[in-house]
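Undergrad: need a structure here:
(chains A and B)
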Amino acid sequence: MSELLKVPTMAEYMAQGKQPDVLFWVGCAGSFDDRAKKITKAFVKLLNKAKVDFAVLGTEESCTGDPAKRAGNEFLFQMQAVTNIEVLNAYEVKKIVTACPHCFNTIKNEYPELGGHYEVMHHTQFLKSLLDEGKLTIEGGQYKGKRITFHDPCYLGRANNVYEAPRDLIQKLEAELVEMKNCKSKGLCCGAGGAQMFKDAEKGDKEVNVERTEQAIEVKPDIIAAGCPFCNTMMTDGVKAKDKEAEVDVMDIAELIANAQDL
Amino acid sequence: MSILPNILFALILIAGIGYFAKNVKKLIRNIKLGHDVDVSDNTSQRWQNMTRIALGQSKMVRRPIAGFLHIIVYVGFVIINIEVLEIIIDGLFGTHRIFSAMGGFYGFLIGSFEILALLVFVSVIIFWIRRNIIKLKRFWKSEMKGWPKSDGNIILYFEMILMTLFLVMNATDVHFQAMNNGNVISQFIAPLFSNMSEGTLHIIERGAWWLHIVGILIFLNYLYFSKHLHILLAFPNTYYGKVKPKGQLDNLEAVTKEVKMMMDPDADPFAAPAEDESGTDDVAKFGASDVQDLNWVQLLNAYTCTECGRCTDECPANQTGKKLSPRKIMMDTRDRLEEVGKNIDANNGEFKDDGKQLLGDYITNEELWACTSCNACVQACPVSIDPLSIIIDMRRYLVMEQSAAPAELNNMMTNIENNGAPWPYNQMDRLNWKDE
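TA: Residues are numbered from 1 along each chain as shown, chains lettered A, B, ... in the order given. Presented below is the predicted three-dimensional model:
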């Protein structure tokens, strides 16, 4: 299928003297993590299908600095941020879309004070807008009638008050959206934020991702939908820890929509 | 009529308010030990937050039972203060129930106070049961031992006694009963005193009156030493609380300057550091190891904390048995700030190094590293406290001043520095997914 993927880079656009409508910020997970790469590709298929004029930075992209900042390394964060902002500003980027809530939050909220001003959208918001503009249609397909629960990523939900866009998309799949006991602003973390992804958890009775997965399994879903590559990993591990891989899938919303249309 | 009680009343009033004012001054001095921070932005949003969150109790009702009971106690407290005003005027001028000149409306007022007093009394009993009999988990966490535990109960006993005194005062006030207006609750208590002589009734009524007002003054002065300070500080705290998106951590200006200099190709790396505008050559300290390194809003947060534990209850780290408790972060900050304040008082206004600090002596690295920065604690706080900002400031100190991050995080940071990703992959491979 990969031959179908059209992924132009900003450099290629520049060489043709053109400017894309939107920059797709892939993020580290989306670029390197085997599971997250599937999310990246699913999203690109949707962009291609909707004929969105987009480009990626490719090898010119670097970590936004989110884990460094949350770990307390403000130096490293700002070095990353300033470098990224130089690249983005050189390409005169106006609008950015990303499938990672951590990149979304950092570029949207923390880059402006360092000179980076862009309109930033999470991919669920962007897909919703494509839908509203009629550039994309969503069909239920294989997910029609399935029980889907949405795990709110902290950096999308509580951090930026985006709760509805992902839910609207799930409902468009004609699926049954079931809510966990902790959802929206009361959502429970997957355990990966604040740089926890990159270290072992402190001593406790349980891992956070297992606790969260238990909450998800409680509502007996067919699918746990996520909107963050890190949440995706944590929930997938949680489902494995509970021996439920056979019954419950963990999928990103972009994957659900792409799969539903056999893209 | 002797003027003696009036003088005694005035003296008690002056002493009570005077001591309170003295402690408020100390409170403000302590809060100002923190760095300055610009909170002059978004004024309309800030007023709105204060009105909605503090005045309107909007976040309290997210937990309906506690929220509803809290609103009763809150409304009762605010409205019964009208009665306190009457008591103060009566006390100073030797009058009796001066507002009763309002006639029927007075009866309506006192009647509603009596109903509120009963409701407050019942609510406070339920609060007490929740704490001491049902033993709600959040009131029995490890940080809730000793003073914090007794403080919570003392407040409840105080309110029970004050409400009882108010009702007894009305039930034994022959003049008031004679008005036959407004004694909607106290009329049911009055029969308890029916066999007593008028003289005894008068003594009980006066006793309740005096104890009520003296009790209120003691309670006022108790505030400074108690979590109950929230009844005052919730208002400024919600006003000065964070108005930016929760996910946005503050930008460290001092770092920005250094980074810009580092990345400026024209900068002379061997040049002497530029003189600070203030003329001091203080080396900036990155992050926070003690309360003086925090900003004053964070210190105000610490004094405002009601120790309700909603933050800790929602904290994913705490829920899974890790040591981190956002409430403890706030309580530790306040305890250390009080300690620093006392140190300053004892040393003629100068802080003398006591070999202690917030980091290590109060808050451990283990607590700090357990945080997922998910903002559940910030969301849960009914009075806009931000424990996360303190955690991040202390992590900054650990990483930038002490290089004391866990080894795995150091690896992650080295990877970002060398490869532009938290994993050891080459930046040149970033687009490989396209062809896989």
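
Undergrad: residues contacting whichever residue of chain B sits closest to chain A?
TA: Of all residues in chain B, residue B:247 sits closest to chain A, at 2.7 Å by Cβ to the nearest Cβ. (Glycine included, C-beta is placed from N, CA and C.) With contacts defined as Cβ atoms under 8 Å, 6 or more residues apart in numbering or on different chains, residue B:247 is in contact with A:105, A:109, A:154, A:155, A:158, A:159, A:160, B:375.

Undergrad: One more pass at 10 Å, please.
TA: Residues counted as contacts of residue B:247 (Cβ atoms under 10 Å, 6 or more residues apart in numbering or on different chains) are A:66, A:101-102, A:104-106, A:108-110, A:154-161, A:193, B:373-375.

Undergrad: Thought residue A:195 was touching residue B:368, still the case?
TA: No: with the criterion set as Cβ atoms under 10 Å, residue B:368 and residue A:195 do not qualify as a contacting pair; they are 11.6 Å apart.

Undergrad: Have a look at these two and say which one is more surrounded.
TA: For residue B:368 against residue A:195, the residue with the higher neighbour count under other Cβ atoms under 10 Å in any protein chain shown is residue A:195, and the figures read 28 against 22.

Undergrad: Could you double-check that the more buried one lies in contact with residue B:391?
TA: No: contact criterion Cβ under 10 Å: residue A:195 and residue B:391 do not qualify, at 11.9 Å.

Undergrad: Now the common contact residues for the two.
TA: Any residue near both residue A:195 and residue B:391 by Cβ under 10 Å, 6+ apart counts here, and that gives A:70, A:72, B:369, B:371, B:373.

Undergrad: Now do the first one against chain B, distance only.
TA: Distance, residue A:70 to chain B, using Cβ to the nearest Cβ, to the nearest Å: 5 Å.

Undergrad: just to revisit the earlier point, show me how to select, in ChimeraX, the buried members of the contacts of residue B:247.
TA: The ChimeraX selection below is limited to those of the contacts of residue B:247 classed as buried (16 or more other Cβ atoms under 10 Å in any protein chain shown):
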select /A:66,101,102,104,105,106,108,109,110,154,155,156,157,158,159,160,193 /B:373,374,375
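
Undergrad: returning to that earlier point: what sits in contact with each of residue B:368 and residue A:195?
TA: A:72, B:395.

Undergrad: The residue of chain A found nearest chain B in helix, strand or coil?
TA: Closest to chain B within chain A is residue A:159: 2.7 Å, counting by Cβ to the nearest Cβ. The local conformation at residue A:159, judged by DSSP: H, G, I helix; E, B strand; the rest coil, is coil.

Undergrad: How about it: what's its closest non-neighbour residue?
TA: Distance criterion Cβ to Cβ, 6 or more residues apart in numbering or on different chains; nearest residue to residue A:159, sequence neighbours excluded, is residue B:247 at 2.7 Å.

Undergrad: Could you pull up phi and psi at that neighbour?
TA: Taking degrees, to the nearest 10, you get phi -80, psi -10 for the backbone angles of residue B:247.

Undergrad: pLDDT weak spots in chain B?
TA: Applying pLDDT under 70 to chain B flags the ranges B:1, B:267-283.

Undergrad: Looking at it, which residue reaches furthest from the middle?
TA: Residue farthest from the centre of chain B, counting by Cα atoms, centre = their mean, is residue B:435 at 56.2 Å.

Undergrad: gap between that residue and residue B:74?
TA: Distance of residue B:435 to residue B:74, given as Cβ to Cβ, to the nearest Å: 63 Å.

Undergrad: so what's residue 203 up against?
TA: Going with chain A. Going by Cβ under 10 Å, 6+ apart, residue A:203 touches B:321, B:322, B:323, B:366, B:370.

Undergrad: Can you look at chain B instead?
TA: Residue B:203 makes contacts with B:172, B:196, B:197, as judged by Cβ under 10 Å, 6+ apart.

Undergrad: Include neighbour count when you put those residues into JSON lines, please.
TA: As requested, those are exported to JSON lines (neighbours: other Cβ atoms under 10 Å in any protein chain shown):
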{"residue": "B:172", "neighbour count": "25"}
{"residue": "B:196", "neighbour count": "13"}
{"residue": "B:197", "neighbour count": "8"}
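
Undergrad: isn't residue B:15 right up against residue B:220?
TA: No: between residue B:15 and residue B:220 there is no contact under Cβ under 10 Å: 11.2 Å.

Undergrad: quick one: buried residues of stretch B:421-436?
TA: With the criterion 16+ other Cβ under 10 Å, stretch B:421-436 contains buried residues B:421, B:422, B:423, B:425, B:427, B:430, B:431, B:433, B:434.

Undergrad: ok, and of these, which contact chain A?
TA: Within the set of those, contact with chain A (Cβ under 10 Å from any Cβ of the partner chain) is found for B:421, B:422, B:423, B:425, B:427, B:430, B:431, B:433, B:434.

Undergrad: can those residues go into TSV with extra columns for secondary structure?
TA: Rendered in TSV, the data for those read as follows (three-state DSSP):
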residue	secondary structure
B:421	coil
B:422	coil
B:423	coil
B:425	coil
B:427	helix
B:430	coil
B:431	coil
B:433	helix
B:434	helix
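
Undergrad: Output these as a markdown table; include the columns distance to residue B:346.
TA: Supplementary listing: those in a markdown table, determined by distance: Cβ to Cβ, whole Å:
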| residue | distance to residue B:346 |
| --- | --- |
| B:421 | 52 |
| B:422 | 48 |
| B:423 | 53 |
| B:425 | 57 |
| B:427 | 57 |
| B:430 | 59 |
| B:431 | 64 |
| B:433 | 64 |
| B:434 | 67 |
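
Undergrad: what two of those are the furthest from one another?
TA: Between any two of those, the greatest separation by Cβ to Cβ is 20.9 Å, found for B:422 and B:434.

Undergrad: quick revisit: so which of the contacts of residue B:203 comes closest to residue A:204?
TA: Of the contacts of residue B:203, the one sitting nearest to residue A:204 (Cβ to Cβ) turns out to be residue B:172, at 56.8 Å.

Undergrad: Leaving out sequence neighbours, find the closest residue to the closest one.
TA: The shortest distance from residue B:172 to any non-neighbouring residue, by Cβ to Cβ, 6+ apart, is to residue B:205 (4.1 Å).

Undergrad: next one: residue B:396
TA: In space, and not counting its chain neighbours, residue B:396 is closest to residue B:287: 2.9 Å by Cβ to Cβ, 6+ apart.

Undergrad: same check, this time on residue A:251
TA: Once its chain neighbours are removed from consideration, residue A:251 has its nearest residue in residue A:223; the separation is 5.6 Å (Cβ to Cβ, 6+ apart).

Undergrad: Could you check how many residues crowd around that neighbour?
TA: Residues contacting residue A:223 under the criterion other Cβ under 10 Å number 21.

Undergrad: Same check on the one 4 residues further on?
TA: Other residues within reach of residue A:227, judged by other Cβ under 10 Å, total 29.

Undergrad: wait, what's in contact with it?
TA: Residue A:227 is in contact with A:39, A:99-101, A:104, A:122-125, A:150-153, A:155-157, A:162, A:165-166, A:169, A:252-254, counting by Cβ under 10 Å, 6+ apart.
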